[in-house]
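In: Predicted model and sequence below, questions to follow.
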Amino acid sequence: MTATYVLGTHVSHNGSACLLRDGEIIVAIEKERLTRRKHDGGMDNEAIEYCLRSADIRIEEVDLVVQNANFHKFDRPLRGYAYDGRIANRAKRVVSISHHLGHAYSALATAGFDGAGVLVIDGCGNCHSECDDLEGAAMPSLPKGEELGEVLFEKDSYYSWHDGALRTVFKDFSLAGRRQNGEMFPGTTMHSIGGAYLGVSRYVFRGLEDPGKLMGLAPYGRPGALDFEMFDLRDGRVLLRYDWMADFDRPARSHQEFTANFQYYADIAHRCQRELERALLYVVDTRYEMSPSENLCFAGGVALNAVANRRILHESKFENAYFQPAAGDNGLAIGCAYYGWLQVMGGALEKHDGSFYMGRSYGRTEVESAIEADGGLECTPVDAVAETVAGLLHQGKIIAWFCGGSEFGPRALGHRSILAAPAEPETRDKINREIKFREDFRPFAPAVPLEEAARYFDQSAPSPYMILVAQTKPEYRAALGAVVHVDGSARVQTVTRASSPEFHRLLEAYGDLAAHPVLLNTSLNRRGMPIVETPTEAVELLRTTALDALVFVEHGLVVFCRERQVAGVDARSVLAAVWQLARKGSLPRLGASACLDLCVTESEQRCSVDMGRSTVRFHAARDADFTFRLTEERLVEAFENPQGVAAMLREGRIEIVGAPVDMKEQARGEAAQWLTQLLRAARDGAAE
């Protein structure tokens, strides 16, 4: 019998693709894992090609493509982006669906419930006129005038999933947000819970869009230090208040400012986290009353808040709750694919096995080629991988663990992980400082066999996706010091033999040596970098950070560096050294607000440096004052010999694009002086 293939794809930010064969996921990937640019979206050819190659099929063999994009239905370009040349356009049939509908199907199809209420809450969905799920839905009164259908956007939606049918129960919309009324005003919909939380995150973290960090900072805040209410809760709706914002006019402009006023920002994070929880519990319980069910499925970016999720699980009127592991927009490709299989193709929903290991596996030849290409590595074959790695971890080593297909979603769950012993807080600090290159207040998660979890944590339900927090039992907090947050909480991952046999065996083997079968588990990447996908990327991370070893589990290979070169190896590590300067507030000055790009032309690796805010991002700046364009070879040469930068600029081996601020006709000489200072400082910092 010929197989039926359905491909789901999401463009906009956090792009992804997912391929079903006869209603089962065979592969899924986030675009950022392939392009190596965080939150990458737009043209989806890379992600689609990855899925097609993994299944060894052509797009012409795909029976249906279901697609989603924020803010449009593929009927017009998105911010100047054209869809000409898309692989998806060659498919037999293409269907577009709206945003919250995609989120809903991603949750109900992977939850394993026969029936459930399905809740979607995020920053912003499609506009009212583009929604495919309005029929039968209760909605608050909307402003009069058809034209408002273009400026009213989904903020939360609730559905009933029973007997194989999805029914829309309630949808709430809000006008698009505008940056006004203070520093924290949401940039998406005006009354969005997710948009409000993001606005606070941007205030606290120097404009960087990473609201997950706000949850990690909140436990450092003081209860009662702030007492404002972010939201009005009435008539089943959450409405953002704006009066309290007037008191907050000190957004962090630099890492030094954040550090100097740490308690101020921590108090804000604490209060806003509590307010988010209050709003979510209100929404969950009012939606339950609209259409009761034993089970709740929750998706949308807000469903990644592990602290709030625990309260929903234990305090709401629902008996059971499932939080979609890829709850953000990356998970929309899964929802699109399942919508296509269930609603368009008329297929039956088979119970999902719970696995979110959805990437392709890499063969021994690919692994060995990556090791040999580096030339500076020692590779040791081992028979007993779990026992060998457990011994290294027990010695205090920090290990990169590469196993099978990669995880889909923001959490590493034992296939692309950095692992360490959980006892010493110094281990946590070293990983943050020398491997992840991120803030020292951010916690790490403990991985533990499911059958042992209740021994160490107040954990009554499985937590396979690191999407729930639990309190660590007091008698074990010292023994698990590297994975226990300042408030005693931990974002637990429970591991079963069925879901991840190699990782489960490692935890058992470590427990045999250390008495506690618990390990620190964090994603195999560093700040600003997507989780590692390929063996080559894993080798690169080993060479450019303080990792002690890299393990290719399936192939029984343990890899060590003969001579570690934390920087100066390749373009990415040079850019990482620049990032470290920014983190320390040690960038050479070039004017109050200048912004530049360092762009490696062959691979398009780049970082953007905002001199005014002392921040670095590993992607292009839209408004860079100028760009240094050079090959990877030239960047490494300049890094190793900064005094040669002037000659490289004269000879055209480094190109300057754009006019540096206040440089005018002396641009070349002053640019050379600045770049020399930057690379010398980065080299000195990497050598420390």
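Out: Received, thanks.

In: from here on, contacts and neighbour counts on C-alpha atoms
Out: Fine.

In: which SSE is the residue nearest to Ser192 when sequence neighbours are not counted in?
Out: Nearest-residue entry for Ser192: Lys155, 5.3 Å, with adjacent residues in sequence omitted and distances by CA to CA, 6 or more residues apart in numbering. Using DSSP states H and E, Lys155 sits within strand 152-162.

In: So which other helices or strands are in contact with the next helix or strand after that strand?
Out: Downstream of strand 152-162, the next assigned helix or strand under DSSP H and E is strand 165-175. In terms of contacts (3 or more CA pairs under 8 Å, 6 or more residues apart in numbering; DSSP states H and E), strand 165-175 is packed against strand 152-162.

In: packing partners for the strand it packs on?
Out: Identification of packing neighbours for strand 152-162 by 3+ CA pairs under 8 Å, 6+ apart yields helix 99-111, strand 116-121, strand 165-175.

In: go again using 10 Å as the cut-off
Out: Counting contacts by 3 or more CA pairs under 10 Å, 6 or more residues apart in numbering; DSSP states H and E, strand 152-162 packs against helix 99-111, strand 116-121, strand 165-175, helix 193-204, strand 237-240, helix 262-290, strand 295-299.

In: partners of the second one, with directions?
Out: For strand 116-121, the pairing partners within the sheet under DSSP bridges are strand 152-162 (antiparallel), strand 295-299 (parallel).

In: by how many degrees do it and helix 262-290 diverge?
Out: 140 degrees (axes from the mean of the first three to the mean of the last three CA atoms, to 10 degrees).

In: Go ahead and measure how far strand 116-121 is from the middle of the chain.
Out: 21 Å (CA atoms, centre = their mean, to the nearest Å).

In: all helices for the stretch 451-600 of the chain, in order.
Out: Secondary structure of the stretch 451-600 of the chain by DSSP state H, counting those that start in this stretch: the helices cover 453-456, 501-514, 535-544, 571-584.

In: Which residues are in contact with Gly112?
Out: Gly112 sits next to 297, 322, 349-354 when contact means CA atoms under 10 Å, 6 or more residues apart in numbering.

In: Ignore what I typed, I meant Ser460.
Out: Neighbours of Ser460 in contact, by CA under 10 Å, 6+ apart: 314, 453-454, 470.

In: mind running it again at 7 Å?
Out: Neighbour list for Ser460: Ala454 [criterion: CA atoms under 7 Å, 6 or more residues apart in numbering].

In: ok so, going back, would you format the helices of the stretch 451-600 of the chain as a markdown table with mean pLDDT and mean neighbour count included?
Out: Shown next, in a markdown table, are these (pLDDT from 0 to 100; neighbours: other CA atoms under 10 Å):
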| stretch | mean pLDDT | mean neighbour count |
| --- | --- | --- |
| helix 453-456 | 97 | 18 |
| helix 501-514 | 97 | 19 |
| helix 535-544 | 93 | 22 |
| helix 571-584 | 70 | 23 |
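
In: Can you give me the domain assignment for this protein?
Out: 5-96, 113-322, 364-561, 571-687 (automatic domain parsing).

In: between those domains, which one is nearest to Met358?
Out: domain 5-96 (5.0 Å; CA to CA).

In: Show the average pLDDT along the closest one.
Out: Average pLDDT, domain 5-96: 91.

In: Please report the separation between the first and final residues of stretch 12-29.
Out: 15 Å (CA to CA, to the nearest Å).

In: which residues does Thr494 contact?
Out: Thr494 neighbours (CA under 7 Å, 6+ apart): 447-450, 453, 462-464.

In: rewinding a little: tabulate the helices and strands packed on strand 152-162 (CSV), appending mean pLDDT and distance to Leu413.
Out: As requested, those are exported to CSV (pLDDT from 0 to 100; distance: least, CA to CA, whole Å):
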stretch, mean pLDDT, distance to Leu413
helix 99-111, 98, 17
strand 116-121, 98, 24
strand 165-175, 96, 30
helix 193-204, 91, 25
strand 237-240, 94, 34
helix 262-290, 98, 25
strand 295-299, 98, 19
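
In: List the beta-bridge partners for Leu557.
Out: Bridge pairing for Leu557 - DSSP bridges - gives Pro381, Phe552.

In: Wait, it touches Pro381, no?
Out: Yes. Leu557 is within contact range of Pro381, at 4.6 Å (criterion: CA atoms under 7 Å).

In: more neighbours, those two?
Out: Higher neighbour count among Leu557 and Pro381: Leu557, with 20 against 13, using other CA atoms under 10 Å.

In: what residues are up against Ala269?
Out: Contacts for Ala269 (CA under 7 Å, 6+ apart) come out as 214, 217-218, 221.

In: Tell me the spacing between it and Gly301.
Out: Counting by CA to CA, the gap from Ala269 to Gly301 is 18 Å.

In: The nearest residue to Ala337 once chain neighbours are set aside - how many residues pack around it?
Out: Nearest residue to Ala337 in three dimensions, chain neighbours excluded: Gly8, at 4.0 Å (CA to CA, 6+ apart). Neighbourhood size, Gly8 [other CA under 10 Å]: 32.

In: residues touching Gly8, list them.
Out: Per CA under 7 Å, 6+ apart, neighbours of Gly8: 17-19, 65-67, 333-334, 336-337.

In: From Leu332, how far off is it?
Out: On the measure of CA to CA, Gly8 and Leu332 end up 8 Å apart.

In: go on, Phe444?
Out: Distance of Phe444 to Leu332, computed by CA to CA: 27 Å.

In: higher neighbour count, these two?
Out: Higher neighbour count among Phe444 and Leu332: Leu332, with 36 against 23, using other CA under 10 Å.

In: who's in contact with that one?
Out: Neighbour list for Leu332: 10, 102-103, 106 [criterion: CA under 7 Å, 6+ apart].

In: Show the model's pLDDT score for it.
Out: Note for Leu332: predicted pLDDT of 98.

In: Helices along the stretch 1-150 of the chain, start to end?
Out: 31-35, 45-55, 99-111.

In: Now do the contacts for the closest residue to Leu108 other than its chain neighbours.
Out: In this structure, Leu108 finds its nearest non-sequential neighbour in Cys297, 6.3 Å apart by CA to CA, 6+ apart. If you count contacts by CA under 7 Å, 6+ apart, Cys297 has them with 107-108, 111, 116-119, 321-323.

In: Gly396 now?
Out: Going by CA under 7 Å, 6+ apart, Gly396 touches Ala421.
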